[in-house]
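Colleague: Any chance you can model this:
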Amino acid sequence: MATTHEVFNQAPPRSGINEYTSHTALVEAVNVYGGGWATESLTAAGALVGQADFQRDAELANTITPKLQTHDRWGNRIDDVEFHPAYHRIIGDAIAHGAHTSCWSDPRDGAHVARAAMFMQFGQIEPGHACPVSMTHAVVPSLRVDEKLADLWLPKVFSTDYQHDLGAGDKSSAIFGMAMTEKQGGSDVRANTTRAVAQSDGTYLITGHKWFCSAPQSDAFLVLAKTESKTDQPGASSVTCFVVPRVLPNGTRNVFNIQRLKDKLGNKSNASSEIEFDGTVGWRLGDEGAGVRTIIEMVNQTRLDCILGSAAGMRQSVAEAAWHVRNRSAFGATLIDQPAMTAVVADLQLEAEAAIWTGMRLAAAYDDEAEESAAFRRLATAVGKYWVCKRGPNHAYEALECLGGNGYCENGFPLSRRYREQPVMAVWEGSGNVIALDVLRAMMRDPLSVEAVDNEFERSLGVYRDYDLHVEKTRKLIAQAAADPTAAPALARRLTESMAIALQGAILIRQAPESVTDAFMAGRIADPGHMYGVLDSSLDLAGIAARA
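Modeller: Got it, this is the predicted structure:
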């Protein structure tokens, strides 16, 4: 019988590849920014996440999604979330490799850089688990506000032994989450109505609701609630931060009523929920009325991880696209060798590299406690978060299109999942307008941060004329905002975008290969309205595409 069905001219599965050693830009950035000492552990993680069974776990975790179990069979309230074992295997591996808190538990030069690279590798293959990993990382500076709470919780969050059951309060490890936003307030946490009433034993009883609480299976949360102020007018209230554990010290479950899980566009493996507190026990973290100040460093850290997560997604997107076009032919030639496709892959790689270098430069700033570096990251993190996360969805779409119909399919191909995933990075920890307005506030309140970011621009002037002109334009926008703060919100997005492109250009000029920087200047500075795949053919497009 004649063969009627033979599969050929299809790219093989992209597996068995070390996702660290094959990621040229990340390796370069790790070494440039002082994390080279972690090469062995990063390489081991790269081999792990590149395996077919790890990729299969990523697929399972996103297709067999979390389920809420509010009650046990006898009607007792349990508020548990059931995950496919694949999810626990993935987050367990990430925790074991220190993707959460290694920079805090083993501080040294380049520690935040190494941790960022580790976090990105796991998030590249399965992004949903990265939410609780990120929050556990980000909670550390906030916990250090209170010595007793830090002594209790930090050894648990530093642990690399992931234990997914809540247990009876005797666990040696812990995953943290946060609960800030409410139905009526969203990002405006001062509109929150959740209340906390002080008790004689030093704890507080919390009553209220939270509209978004991701990873509700976590061991503890930072929660914002209002207390009766001791300093303001009678009846006044103030936003305060609390540590709320799922299990109380006596081994009983705290009141933590999960109302329902969110049915999201993407981020399917990560459970996001609505929760109700009803006399829930919490421990105050920081002063009364200082809740926003206490939790803000956690927010800054998670904003950095949004940048890293978007950059990791871009890496997955361009790597999958490049793999496909290197292994498929059409019209008599391999796709990657056809000029139109070479230009598209080069452009996708350029966008990914700009994001990766930006994320790693920011991570390096968190390794440096000098005054200028601290000022730089206060503003640059928000600027980078706005732009890199905004670029993610369109980048994922263009990469998906490189695979044609395969890219649009869910079964076995990751780019449709990535396309649905990327928008969440721009929403988490402040969507576009929130971030742009935060940029303005940071500039007004902290002039040193503006000076620090401008110094970053200054160090890269004199190499590319187009870049110098862009910095000049950006400085005029900064001056315009400073001269008329009332009118500044109307140009907040334009200003933030201009600063972000200037920041990426500054970093690439000093650190990236000349071919990459040349292309960035042509495609992002000289032609800001540029669409993917229209870079000038005089650039080294084949060389840039080869880095994907």
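
Colleague: Show me where the stretch 251-400 of the chain has its helices.
Modeller: 291-326, 339-365, 371-402 (DSSP state H, counting those that start in this stretch).

Colleague: Now W283. Nearest residue, chain neighbours left out?
Modeller: Once flanking residues are discounted, W283 sits nearest to V243: 4.7 Å by C-beta to C-beta, 6 or more residues apart in numbering. No exception for glycine: its C-beta is placed from N, CA and C like everyone else's.

Colleague: and the one you found, how many neighbours?
Modeller: If you count neighbours by other C-beta atoms under 10 Å, V243 ends up with 21.

Colleague: which stretch of helix or strand covers C131?
Modeller: Under the criterion of DSSP states H and E, C131 resides in helix 130-143.

Colleague: Please apply the same query to W153.
Modeller: Using DSSP H and E, W153 falls in helix 147-158.

Colleague: got the buried residues for that helix?
Modeller: For helix 147-158, the buried set under the neighbour-count rule, 16 or more other C-beta atoms under 10 Å, comprises 149-150, 152-154, 156-158.

Colleague: Would you map the helices across the stretch 51-200 of the chain?
Modeller: 52-63, 85-96, 102-105, 111-125, 130-143, 147-158.

Colleague: relative to helix 147-158, how tilted is the helix holding C131?
Modeller: Interaxial angle of helix 130-143 relative to helix 147-158 (axes from the mean of the first three to the mean of the last three C-alpha atoms, to 10 degrees): 150 degrees.

Colleague: mean confidence score for helix 130-143?
Modeller: Helix 130-143 shows a mean pLDDT of 98.

Colleague: let's number from 12 now, not from 1
Modeller: Will do, 12 is the new start, and the previous item becomes helix 141-154.

Colleague: Which elements pack onto that helix?
Modeller: Helix 141-154 sits against helix 96-107, helix 113-116, helix 122-136, helix 158-169, strand 187-190, strand 215-225, helix 302-337, with contacts defined as 3 or more C-beta pairs under 8 Å, 6 or more residues apart in numbering; DSSP states H and E.

Colleague: hang on, the earlier thing: distance between the helix holding W164 and the chain's centre?
Modeller: Distance, stretch centre to chain centre, for helix 158-169: 24 Å (C-alpha atoms, centre = their mean, to the nearest Å).

Colleague: the inter-axis angle of it versus helix 96-107?
Modeller: Angle, helix 158-169 to helix 96-107, by the same axes, to 10 degrees: 120 degrees.

Colleague: What does the pLDDT read for I269?
Modeller: Reported pLDDT for I269: 97.

Colleague: now do V18
Modeller: Note for V18: predicted pLDDT of 88.

Colleague: The residue nearest to W294 touches S229, doesn't it?
Modeller: No - assessed by C-beta atoms under 8 Å, V254 is found out of contact with S229, at 11.7 Å.

Colleague: And for V151, nearest residue in space, chain neighbours not counted?
Modeller: W115 (4.7 Å).

Colleague: what about that neighbour, how many neighbours?
Modeller: Residues lying near W115 (other C-beta under 10 Å) number 20.

Colleague: Tell me how far it lies from S170.
Modeller: 12 Å (C-beta to C-beta, to the nearest Å).

Colleague: And for M131?
Modeller: In terms of C-beta to C-beta, M131 sits 22 Å off from S170.

Colleague: Of the two, which one has the most company?
Modeller: Per other C-beta under 10 Å, whichever of M131 and S170 has more neighbours is M131, with 31 against 19.

Colleague: got any ranges where the stretch 262-411 of the chain has weak pLDDT?
Modeller: For the stretch 262-411 of the chain, not a single residue meets the criterion pLDDT under 70.

Colleague: Going along the chain, name the strands of the stretch 412-559 of the chain.
Modeller: Applying DSSP state E, counting those that start in this stretch to the stretch 412-559 of the chain gives no strands.

Colleague: Please enumerate the helices of it.
Modeller: Under DSSP H, counting those that start in this stretch, the stretch 412-559 of the chain gives helices at 416-419, 426-438, 443-456, 458-469, 476-494, 503-522, 525-531, 552-556.

Colleague: Take the ones you listed and lay them out in TSV including mean pLDDT and mean neighbour count.
Modeller: Below are the helices of the stretch 412-559 of the chain laid out as TSV (pLDDT from 0 to 100; neighbours: other C-beta atoms under 10 Å):
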stretch	mean pLDDT	mean neighbour count
helix 416-419	94	15
helix 426-438	97	23
helix 443-456	96	18
helix 458-469	98	18
helix 476-494	98	16
helix 503-522	98	22
helix 525-531	97	21
helix 552-556	97	20
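
Colleague: list the contacts for Y478?
Modeller: Y478 makes contact with 471-472, 513, 516-517, 520, 532, 536, according to C-beta atoms under 8 Å, 6 or more residues apart in numbering.

Colleague: please redo it, this time with the cut-off set to 6 Å
Modeller: Residues near Y478 by C-beta atoms under 6 Å, 6 or more residues apart in numbering: 516, 536.

Colleague: Kindly report the same for G277.
Modeller: Here G277 is in contact with 431-432, 435 (criterion: C-beta under 6 Å, 6+ apart).

Colleague: give me that answer again for 10 Å
Modeller: G277 makes contact with 73, 138-139, 404, 427-435 under the criterion C-beta atoms under 10 Å, 6 or more residues apart in numbering.

Colleague: For it, which non-adjacent residue is closest in space?
Modeller: G277 sits nearest to R431 (C-beta to C-beta, 6+ apart), 3.3 Å away.

Colleague: sorry, back to before: residues that sit against both of V254 and S229, list them.
Modeller: Listed as contacting both V254 and S229 by C-beta under 10 Å, 6+ apart are 150, 187.

Colleague: check contacts around the residue nearest to Y397 when sequence neighbours are not counted.
Modeller: Nearest non-adjacent residue to Y397, counting by C-beta to C-beta, 6+ apart: I446, 4.3 Å away. Applying C-beta under 10 Å, 6+ apart to I446 gives the contacts 198, 314, 317, 392-398, 400-401, 437, 440, 503-504, 507.

Colleague: With A503 instead?
Modeller: 397, 443-444, 446-452, 454, 488, 492.

Colleague: What sits closest to it if chain neighbours are left out?
Modeller: A447 (3.9 Å).

Colleague: Check V310 too.
Modeller: That would be E440: by C-beta to C-beta, 6+ apart, it lies 5.7 Å from V310.

Colleague: same deal with L154?
Modeller: A161 (4.9 Å).

Colleague: what about stretch 216-232, start to end distance?
Modeller: Distance between the boundary residues of stretch 216-232 (C-alpha to C-alpha, to the nearest Å) amounts to 15 Å.

Colleague: And stretch 433-442, by the same measure?
Modeller: 13 Å.

Colleague: Repeat that for stretch 38-49.
Modeller: End-to-end distance for stretch 38-49, by C-alpha to C-alpha: 11 Å.

Colleague: Pull out the buried positions in that stretch.
Modeller: Buried, per 16+ other C-beta under 10 Å, within stretch 38-49: 38-41, 43-46, 49.

Colleague: Return the closest of the residues you listed with respect to G423.
Modeller: Nearest to G423 among those: V38, at 28.2 Å, using C-beta to C-beta.

Colleague: That closest one: what's it in contact with?
Modeller: Taking C-beta under 10 Å, 6+ apart as the test, what V38 contacts is 31-32, 46-47, 50, 53-54, 57, 128.

Colleague: Going through those residues, which ones are buried?
Modeller: 31, 46, 50, 53, 57, 128.
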